[in-house]
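**Student:** pasted the sequence and its predicted model underneath.
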Amino acid sequence: MEKTKKSFKEKFIGDRAFYGKVMKVAVPIMVQNGITNFVSLLDNIMVGQCGTEAMSGVAIVNQLMFVYFLCMFGSSAGGGIFTAQYFGIRDDEGIRYTVRYKFWLMSVLSVAVIVIAVIFGSDLIGMYLNGENEGGDLALTLKYGLDYMSITLFSIPAIMVGMVYSSTLRECGETMLPMKAGVVAVIVNLVLNWLLIYGNLGFPELGVRGAAIATLVSRYVEVLIVVIWTHLHASVHTFVKGLWSSVKLPLKLAVKFFLTGAPLLVNETLWSLGIASLTQSYSTRGLSVVAGQNIANTINNIFNIVFIAMGDAVAIIVGQLLGAGDMKKAKDEDNKIIAFSVFASVIVASVMFLTSGLFPQIYNTSDEAKLIATHFIMVQALAMPQNGFLHTAYFTLRSGGRTIITFLFDSVFMWVVSVPAAYFLTRYTDLYVIWIFAIVNMLDWIKCIVGYVLLKKNVWMNNIVS
């Protein structure tokens with residue numbers, strides 16, 4: 001009995017030095033995401049003071065922008081797998097090639113997204129506006145959404161360049177700079193929100209448009225800090241020397257990056273579209289559900305920062321160990337990070353559940369929307385430990401280049417199981433929307449079982465840069 005207990009401790013619990021290394025990577029990411037999401041909460045509340053329609057219109061556009069964000073994340077992830085492993089063997093030229101690859105792929109996708117938004121923006125927002133003005137004015141919500149989108153689209157170039165640089169820096173172990181730039185950006189966003197939404201200190205009162213302008217300016221502030229700082233510190237981040245002396249990369253490498261990363265790009269795109277589809281299904285129950293879910297998701301993002309950072313820790317720490325060929329240590333540290341993620345998620349979820357009824361009360365919306373938001377938050381809290389495991393399992397599989405498996409594990413499951421379930425239950429049953437939301441989350445237990453089996457079989461332990 002004692003031997004089994006000790007074996008469990010050795011397998012899943014690290015020493016002080018191990019947790020110090022993990023937290024060195026994770027804490028800056030937690031701080032950046034925490035501040036960003038907290039300011040998003042304040043942003044959300046400020047816009048919410050303009051009414052349910054304004055809050056819902058902005059929330060719908062942000063849901064659509066979420067699809068773009070994950071497309072960019074998927075674009076950077078393919079090259080990022082190689083970046084982490086190139087950094088593990090200190091190959092600067094290899095890192096330069098991954099940066100250029102990210103830049104070209106993200107540029108193409110960004111142009112495509114802008115064109116789609118300009119042509120079909122009204123139709124995309126309209127998909128989330130259902131019912132007969134139940135819970136609010138649908139036409140006014142559409143107007144606010146279009147106002148917000150028309151300005152937000154100009155932030156896409158800044159988002160793209162920022163992701164190219166920030167993702168590369170993180171993959172090379174530099175997490176402090178993106179955190180600092182993010183902190184400055186959210187402060188700028190918050191101050192401009194206060195000035196432009198309400199017209200304080202003599203500024204024009206622009207409402208939703210003011211919120212969009214604040215977001216736009218903060219994005220460019222963030223990217224300028226990251227890019228300028230990185231190039232001023234070329235002695236530390238040596239890969240930037242000669243980075244843009246050419247924008248070319250060998251065709252053989254470009255094909256290799258693409259074939260490895262394409263499943264990730266497709267996965268993130270389909271998964272984000274799946275999330276958008278789930279939200280659209282829930283929105284068929286009225287504008288109060290749109291408002292309630294927006295509140296819940298904003299709160300949920302604040303509490304999710306712990307396991308999100310653990311996923312980044314897996315990508316960076318385990319990816320570098322795989323690149324260096326230290327498979328035994330990669331396996332050992334991966335087990336411990338996953339265990340830590342689940343344990344931390346249980347603690348955070350408990351706090352979230354117990355405080356679920358407090359956060360919706362600070363919004364200027366209907367009592368029905370507040371109640372729906374509370375119930376959404378409670379379900380999200382109960383699902384957090386499983387999501388903590390799934391997130392780190394996903395990044396483990398990804399770190400070893402098993403992108404086809406992550407594609408099946410993530411987005412295929414979403415479209416084969418989760419989306420059809422939500423579609424059927426919202427349209428062909430009278431179940432309360434929260435019960436539907438809970439059922440869809442419970443289906444992820446299937447993924448937990450599959451993920452556990454894949455991790456145990458060590459299918460992810462690969463060096464892809466040797």
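**Tutor:** Structure's in. What do you need?
**Student:** contacts and neighbour counts: CA atoms only from here.
**Tutor:** Noted.
**Student:** tell me how far the helix or strand residue 77 falls within lies from the chain's centre.
**Tutor:** Secondary structure here is read from DSSP states H and E; on that basis residue 77 sits in helix 52-88. Per CA atoms, centre = their mean, to the nearest Å, the displacement of helix 52-88 from the mean C-alpha position of its chain is 6 Å.
**Student:** kindly report the same for stretch 361-372.
**Tutor:** With CA atoms, centre = their mean as the basis, the mean position of stretch 361-372 lies at 25 Å from the chain mean.
**Student:** which parts of that stretch are buried?
**Tutor:** Applying a neighbour-count criterion of 16 or more other CA atoms under 10 Å, the buried positions in stretch 361-372 are 363, 364, 365, 366, 369, 370, 371, 372.
**Student:** how is the fifth one assigned, secondary-structure-wise?
**Tutor:** Spelled out, that is residue 369. Classification of residue 369 into helix, strand or coil gives helix, according to DSSP: H, G, I helix; E, B strand; the rest coil.
**Student:** now swap in the third one and tell me
**Tutor:** Secondary structure, three-state DSSP: residue 365 is coil.
**Student:** show me what stretch 148-163 is in contact with.
**Tutor:** By CA atoms under 8 Å, 6 or more residues apart in numbering, the surrounding residues in contact with stretch 148-163 are 57-58, 61, 72-73, 76, 103, 106-107, 110, 114, 121, 208-209, 211-213, 215-217, 219-220, 222-223, 226-227.
**Student:** show me which of these are buried.
**Tutor:** A residue is treated as buried here by neighbour count (16+ other CA under 10 Å); on that basis the buried members of the contacts of stretch 148-163 are 57-58, 61, 72-73, 76, 103, 106-107, 110, 114, 121, 208-209, 211-213, 215-217, 219-220, 222-223, 226.
**Student:** tell me the pLDDT of residue 442.
**Tutor:** Note for residue 442: predicted pLDDT of 95.
**Student:** what about it, how many residues nearby?
**Tutor:** By other CA atoms under 10 Å, 16 other residues sit near residue 442.
**Student:** ok, the closest residue to it other than its chain neighbours to residue 434 distance?
**Tutor:** Distances taken as CA to CA, 6 or more residues apart in numbering place residue 383 nearest to residue 442, at 7.7 Å, with adjacent residues excluded. In this view, residue 383 and residue 434 are 13 Å apart by CA to CA, to the nearest Å.
**Student:** one more: residue 187?
**Tutor:** According to CA to CA, residue 187 stands 34 Å off from residue 434.
**Student:** so these two - more neighbours on which side?
**Tutor:** The residue with more neighbours, out of residue 187 and residue 434, is residue 434; 20 against 15, by other CA under 10 Å.
**Student:** identify the residues contacting the more buried one.
**Tutor:** The neighbours of residue 434, taking CA under 8 Å, 6+ apart as the test, are 372, 375, 376, 379.
**Student:** now do 10 Å
**Tutor:** 282, 289, 293, 372, 373, 374, 375, 376, 377, 378, 379, 440 (CA atoms under 10 Å, 6 or more residues apart in numbering).
**Student:** how about the helix or strand it falls within: buried residues?
**Tutor:** Using DSSP H and E, residue 434 sits within helix 433-442. Buried positions in helix 433-442, judged by neighbour count with 16+ other CA under 10 Å: 433, 434, 436, 437, 438, 439, 440, 441, 442.
**Student:** so which elements touch the strand or helix carrying residue 29?
**Tutor:** Element membership of residue 29 [criterion: DSSP H and E] is helix 16-48. In this structure, helix 16-48 makes packing contacts with helix 52-88, helix 176-196, helix 208-232, helix 287-303, helix 305-313, helix 327-354, judged by 3 or more CA pairs under 10 Å, 6 or more residues apart in numbering; DSSP states H and E.
**Student:** repeat the analysis, applying 8 Å as the threshold.
**Tutor:** Helices and strands touching helix 16-48, by 3 or more CA pairs under 8 Å, 6 or more residues apart in numbering; DSSP states H and E, are helix 52-88, helix 176-196, helix 208-232, helix 287-303, helix 305-313.
**Student:** next one: it to chain centre, how far?
**Tutor:** Centroid separation for helix 16-48 versus its chain: 12 Å, with CA atoms, centre = their mean.
**Student:** quick one: contacts for the residue nearest the centre of the chain?
**Tutor:** What sits nearest the mean C-alpha location of the chain, by CA atoms, centre = their mean, is residue 70, with 6.7 Å. Contacts here follow CA under 8 Å, 6+ apart; on that basis residue 70 touches 268, 269, 272.
**Student:** picking that back up, and of the contacts of residue 434, the nearest to residue 202?
**Tutor:** Nearest to residue 202 among the contacts of residue 434 is residue 293, at 34.2 Å by CA to CA.
**Student:** grab the nearest non-local neighbour of the closest one.
**Tutor:** residue 373 (5.7 Å).
**Student:** I'd like the next helix or strand past whichever strand or helix holds the one you found.
**Tutor:** Taking DSSP H and E as the definition, residue 373 sits inside helix 367-399. Where DSSP H and E defines the elements, the next helix or strand beyond helix 367-399 is helix 403-407.
**Student:** what does that following helix rub up against?
**Tutor:** Residues outside helix 403-407 that contact it (CA under 8 Å, 6+ apart) are 260, 261, 263, 264, 266, 267, 394, 397, 398.
**Student:** can we see that at 6 Å?
**Tutor:** Residues outside helix 403-407 that contact it (CA atoms under 6 Å, 6 or more residues apart in numbering): 263, 264, 267.
**Student:** what's the offset of the helix holding residue 434 from the middle of its chain?
**Tutor:** For helix 433-442, the separation from the chain centroid amounts to 21 Å (computed by CA atoms, centre = their mean).
**Student:** that helix to helix 367-399, inter-axis angle?
**Tutor:** Compare the direction of helix 433-442 with that of helix 367-399 by axes from the mean of the first three to the mean of the last three CA atoms, to 10 degrees and you get 10 degrees.
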